[in-house]
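Q: give me coordinates for this.
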Amino acid sequence: KEIKALTSGLINQTYLVKSVSPEEPDYVLQRINHLIFTNIEMLQHNIEVVTRHIRQKLEARHEEDIERKVLHFLPSTNGKTYFYDGEGYWRISIFIPRSQTLETVTPESSYLAGLKFGEFQAMLADVPEQLGEIIPDFHNMEFRLKQLREAVSANISGRLAEVQDIVDAIEKDADTMCSAERFYREGKLPKRICHCDTKVSNMLFDENGKVLCVIDLDTVMPSFIFSDFGDFLRSAANTGKEDEADLNKVKFNMEIFKAFTKGYIESARTFLTPLEIEMLPYAATLFPYMQAVRFLADYINGDTYYQTRYKDHNLVRTKAQYKLYYTANSLIGNLLYNLPYRRINSLCKNKKNRKDTRMRQIKAAAIQMKCDLEHKKNLQKAEQMIRKAAAEGANIILLPELFEREYFCQQRRYDFYSYARTVEESEAVA
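A: Here you go, the predicted model:
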């Protein structure tokens, strides 16, 4: 009856095919971008395995309206779910009626996204078949840093000098940001089947705002759970644009973080390990850091990968993403506090031989006191104040530095050296 282009989707060419008969379903026709997805056989195999497994799970739960809760790709005349016409690769799926996508990110939609993407991972936690890595090293931080270092070494565009301070700042945190790969090699962190392109617009909602299913499955592949958790927050929790020139507008939205995390933990609790939960704040910082690295490498290389609209576009992107990383990283304590640590024992499936990682509240006391040259008098005063702080519930008590004597560091006098004591000699060490 009618074929019209769909505006959603930036990678593939997508069309809605309207059937003549109202009894027949409509279809979604796509031309796959084989310049990005070079292994179409692997791409479609991954999608077939995932959709079939989800459908089986829904059937086992006796879900209603299953056809609107999982994508259904149709086989071509050769039995495959794609067709090559000599120039391009095509595929067709059944259009899901009475559905809509959302673009606006709110705490409510973020909670639903966390709930659905966590459920997506949970349903695929026991997939019996091996999925291929459709884009090798897509979210591999060590690989992205290697690309940056190669760009720095070559300095093809001659731009390195103007961004050396950013390169240095990135390198300072490089070891920490590669923790996932290191833990994976040590056998502490698993890879799971992840969506790898999580955003609100990659879910379908029904007429009442209820989530139907996850769509856009081209990047489904083995990865760390951080790919789905952190990548969503990189865009959703950013109060500015990805290429925001005014860095004062770039902040990390804690309300979005809390809402998404709540939904995600609720639905992913059946398979997450304590380490995966503890590293969720790391994931929130990882993805703006990774994207800053990628934009910076491209800027140093002369803007050869990302499309740019003006001369320093990639540099503006780099600074915006690094600001988001810096802001999220400065909130790491707050991010940790907002994780459900007190519920880890009930949320995690595998409890055997694990340490209790729950957070507890502590009370700290900082002591200010006037010190003079009388050593014993200072010790007595310090002890009295320590006991008072402890009686009021302090767990950690901080004393002034060099509290045993009057603060002497304003003057350089060699007779002060006589104040030095070994640990065994010091009366301040019990």
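Q: show me what contacts residue 287?
A: When the contact criterion is C-beta atoms under 8 Å, 6 or more residues apart in numbering, the partners of residue 287 are 226, 230, 231, 233, 234. Every residue, glycine included, has its C-beta placed from N, CA and C.
Q: kindly indicate whether the last one is helix, strand or coil.
A: When you say that, I think you mean residue 234. Following DSSP: H, G, I helix; E, B strand; the rest coil, residue 234 is assigned to helix.
Q: wouldn't residue 243 be in contact with residue 320 here?
A: Yes - counting by C-beta atoms under 8 Å, residue 243 does reach residue 320; the two are 5.9 Å apart.
Q: so these two - more neighbours on which side?
A: Remark: of residue 243 and residue 320, residue 320 carries more neighbours, 25 against 19, as counted by other C-beta atoms under 10 Å.
Q: flag the shaky bits of this protein, pLDDT-wise.
A: 7-10, 337-361, 410-418, 430 (pLDDT under 70).
Q: helix, strand or coil for the most centrally placed residue in the chain?
A: Against the mean C-alpha coordinate of the chain, by C-alpha atoms, centre = their mean, the closest residue is residue 230 at 1.3 Å. Three-state call for residue 230 (three-state DSSP): helix.
Q: quick check: the closest residue to it other than its chain neighbours vs residue 139, distance?
A: Taking C-beta to C-beta, 6 or more residues apart in numbering, and ignoring the residues beside it in sequence, residue 230 has residue 283 as its nearest neighbour in space, at 3.5 Å. Distance of residue 283 to residue 139, given as C-beta to C-beta, to the nearest Å: 10 Å.
Q: shared neighbours, these two?
A: Common neighbours of residue 283 and residue 139 (criterion: C-beta under 8 Å, 6+ apart): 224, 226.
Q: can you say which helix or strand has residue 30 in it?
A: Take DSSP states H and E as the rule and residue 30 turns out to sit in strand 27-32.
Q: dump that strand to CSV, keeping only the CA atoms.
A: The C-alpha atoms that make up strand 27-32 are tabulated as CSV, following Å, rounded to 0.1, in the frame of the first residue of the first chain:
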residue,chain,number,x,y,z
TYR,A,27,6.7,-4.2,8.2
VAL,A,28,10.0,-2.4,8.9
LEU,A,29,12.4,-2.7,5.9
GLN,A,30,16.1,-1.8,6.6
ARG,A,31,19.2,-1.5,4.4
ILE,A,32,22.0,-2.5,6.7
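Q: list the contacts of it.
A: Strand 27-32 is contacted from outside by 3, 6, 9, 12-17, 19, 40, 43, 74, 82, 88-95, 218, using C-beta under 8 Å, 6+ apart.
Q: and the next helix or strand past that strand?
A: Sequence order places helix 40-60 as the next helix or strand after strand 27-32, per DSSP H and E.
Q: tell me which residues in that next one are buried?
A: By neighbour count with 16 or more other C-beta atoms under 10 Å, helix 40-60 contains the buried residues 40, 43-51, 53-55, 57-58.
Q: stretch 121-132 too?
A: By neighbour count, and taking 16+ other C-beta under 10 Å as the criterion, the buried residues in stretch 121-132 are 121, 122, 123, 124, 127, 131.
Q: would you agree residue 169 is in contact with residue 322?
A: Yes - taking C-beta under 8 Å as the contact criterion, residue 169 and residue 322 are neighbours in contact, 7.1 Å apart.
Q: those two - which one has more neighbours?
A: For the pair residue 169 and residue 322, the greater number of neighbours falls to residue 322 (22 against 13), based on other C-beta under 10 Å.
Q: so who does that one touch?
A: Residue 322 makes contact with 166, 169, 170, 288, 289, 292, according to C-beta under 8 Å, 6+ apart.
Q: and if we set it to 7 Å?
A: Under the criterion of C-beta atoms under 7 Å, 6 or more residues apart in numbering, the neighbours of residue 322 are 166, 292.
Q: ok so it is a strand residue?
A: No - the assignment for residue 322 is helix, going by three-state DSSP, so no strand is present there.
Q: separation between it and residue 165?
A: When residue 322 is compared with residue 165 (using C-beta to C-beta), they lie 11 Å apart.
Q: tell me how many other residues crowd the nearest residue to residue 91 once chain neighbours are set aside.
A: Using C-beta to C-beta, 6+ apart and skipping residues adjacent in sequence, the residue nearest residue 91 is residue 82, 4.6 Å away. Counted with other C-beta under 10 Å, the neighbours of residue 82 add up to 20.
Q: ok, now which ones touch residue 82?
A: Neighbouring residues of residue 82 by C-beta under 7 Å, 6+ apart: 32, 40, 44, 76, 89, 90, 91.
Q: quick one, what contacts residue 88?
A: For residue 88, the contacting residues are 31, 34, taking C-beta under 7 Å, 6+ apart as the criterion.
Q: next up, phi/psi of it, please.
A: The main-chain torsion angles of residue 88 are listed as degrees, to the nearest 10 and equal phi -150, psi 170.
Q: against residue 42, how distant is it?
A: Using C-beta to C-beta, one gets 17 Å for the distance from residue 88 to residue 42.
Q: over to residue 301?
A: Between residue 301 and residue 42 the distance is 28 Å, computed by C-beta to C-beta.
Q: do residue 166 as well
A: According to C-beta to C-beta, residue 166 stands 36 Å off from residue 42.
Q: what of residue 226?
A: For residue 226, the distance to residue 42 (C-beta to C-beta) stands at 23 Å.
Q: same question for residue 209.
A: Residue 209 sits 35 Å away from residue 42, taking C-beta to C-beta as the criterion.
Q: also residue 51?
A: Residue 51 sits at a distance of 15 Å from residue 42 (criterion: C-beta to C-beta).
Q: next: residue 144.
A: Distance, residue 144 to residue 42, using C-beta to C-beta: 22 Å.
Q: burial of residue 78, as a residue count?
A: Number of residues near residue 78 (other C-beta under 10 Å) recorded here: 9.
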